[in-house]
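J.: Got a predicted structure here, sequence first:
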Amino acid sequence: MARSRPLLVLTVSLAIVAAACGSSDETTTSAADTVASPTTAATSTTSAAEATTTSEVESTTTIPETTTSSTLAGQVIDFFPQPGDVLSVVGVAHNDALNVRAAPGVFNDIVDIIEPDGTSVALGIARDLGLAIWVEHDSGSFLGWSNYTFLAFAGVTDDATAEVVGLLGEFPTADSMEALGRVVAESLASTEPPSFIVMTVAATVDDLGEVTYDVIGLGDDAVYGYRLHVFGEPVTDGFSLRDVERTYLCSRGVDEDRLCV
């Protein structure tokens with residue numbers, strides 16, 4: 001049951017779900033519980049149950065008073081994350097948001113949303129609904145539930161520039177930062193299973209362009225994906241790669257060195 005946040009600081013949850021889908025246009029999500037804005041129609045595919053517009057979110061934030069643990073959907077599971085674990089929203093497009101619902105499942109009321117680069121705190125409670133695992137967490141405003149597919153532990157950050165250049169055989173260039181970031185993301189993505197790639201922070205164009213992409217689904221039990229912060233330098237026909245900062249996205253947790261476990 002969703003409830004307003006108590007004075008005591010509570011912790012967040014994380015969840016990994018079914019295989020991530022391949023990307024046909026800019027982003028193709030799995031059966032995700034995100035808030036789709038009208039501008040994502042051409043670049044993001046969700047199930048009909050997930051296609052909740054921002055205006056609907058504002059009018060569906062009532063909290064049922066009769067929901068109890070005995071009436072929640074799914075089976076209770078002993079699952080990471082643990083109470084107090086900080087989780088990052090992952091794999092959600094820059095013009096979208098992650099729904100926080102009153103109870104596990106896409107047909108329950110939305111009580112809050114979290115931005116694509118936001119975080120929450122796990123309560124250590126998870127339920128398996130069959131097609132997805134849902135976790136209860138503190139969004140910062142409410143206690144509620146989200147699909148664990150779109151939550152992960154933020155691990156160590158390293159410099160992946162040399163690796164990307166080695167894979168591509170050159171410093172890549174593209175006519176926009178969005179396109180350049182996509183090239184970088186595809187170079188580090190998995191083909192089997194296919195990763196899905198989503199721009200989580202839109203490009204900026206100043207003296208140094210920046211864009212952030214998430215690569216989700218690497219076929220690794222510990223490393224769920226990468227968050228790639230791509231920096232480019234303006235050139236005559238667009239942008240050339242300068243640096244790639246890679247943050248590991250961990251499915252089960254991190255150790256004291258922030259390595260995926």
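T.: Arrived safely.
J.: Could you use CA atoms for every contact and neighbour count after this?
T.: OK.
J.: buried stuff in stretch 121-135?
T.: By neighbour count on 16 or more other CA atoms under 10 Å, the buried set for stretch 121-135 is 121-129, 132-135.
J.: Report how far apart the opening and closing residues of it are.
T.: Using CA to CA, to the nearest Å, one end of stretch 121-135 lies 10 Å from the other.
J.: and it, how far from the chain's centre?
T.: 15 Å (CA atoms, centre = their mean, to the nearest Å).
J.: again with stretch 188-206
T.: With CA atoms, centre = their mean as the basis, the mean position of stretch 188-206 lies at 11 Å from the chain mean.
J.: Contacts only, for the closest residue to residue 223 other than its chain neighbours.
T.: Excluding its sequence neighbours, the residue lying closest to residue 223 (CA to CA, 6 or more residues apart in numbering) is residue 250, at 4.7 Å. Contacts for residue 250 were tallied using CA atoms under 8 Å, 6 or more residues apart in numbering; they are 152-155, 222-225, 260-261.
J.: Ok, residue 180 next?
T.: Per CA under 8 Å, 6+ apart, neighbours of residue 180: 172-174, 232, 239-241.
J.: Just the buried residues from those residues, in ChimeraX please.
T.: What follows is the ChimeraX syntax selecting those of the contacts of residue 180 that are buried according to 16+ other CA under 10 Å:
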select :172,173,174,232,239,240,241
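J.: I'd like the contacts of residue 180 as a markdown table, with distance to residue 218 and secondary structure appended.
T.: Output for the contacts of residue 180, formatted as a markdown table (distance: CA to CA, whole Å; DSSP: H, G, I helix; E, B strand; the rest coil):
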| residue | distance to residue 218 | secondary structure |
| --- | --- | --- |
| 172 | 23 | coil |
| 173 | 25 | strand |
| 174 | 25 | strand |
| 232 | 25 | strand |
| 239 | 27 | strand |
| 240 | 26 | strand |
| 241 | 23 | strand |
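J.: before we move on, back to that, and the buried residues of stretch 121-135, which two are the farthest apart?
T.: Spanning the widest gap among the buried residues of stretch 121-135 are 121 and 129, at 20.9 Å by CA to CA.
J.: quick one on the thing from earlier: now the contacts of residue 250: which count as buried?
T.: Counted by 16+ other CA under 10 Å, the contacts of residue 250 give 152-155, 222-225, 260 as buried.
J.: Am I right that residue 171 sits in a strand?
T.: No. Read with DSSP: H, G, I helix; E, B strand; the rest coil, residue 171 is coil and lies in no strand.
J.: ok, now how distant is it from residue 202?
T.: Residue 171 is 21 Å from residue 202, by CA to CA.
J.: In the chain, what helix or strand scores lowest on average pLDDT?
T.: helix 54-59 (a mean of 26; mean pLDDT, DSSP states H and E).
J.: Can you name the next helix or strand after that one?
T.: Using DSSP states H and E, the helix or strand that follows helix 54-59 in sequence is strand 75-77.
J.: pretty sure residue 185 is in a helix, no?
T.: Yes. Going by three-state DSSP, the assignment for residue 185 places it inside a helix.
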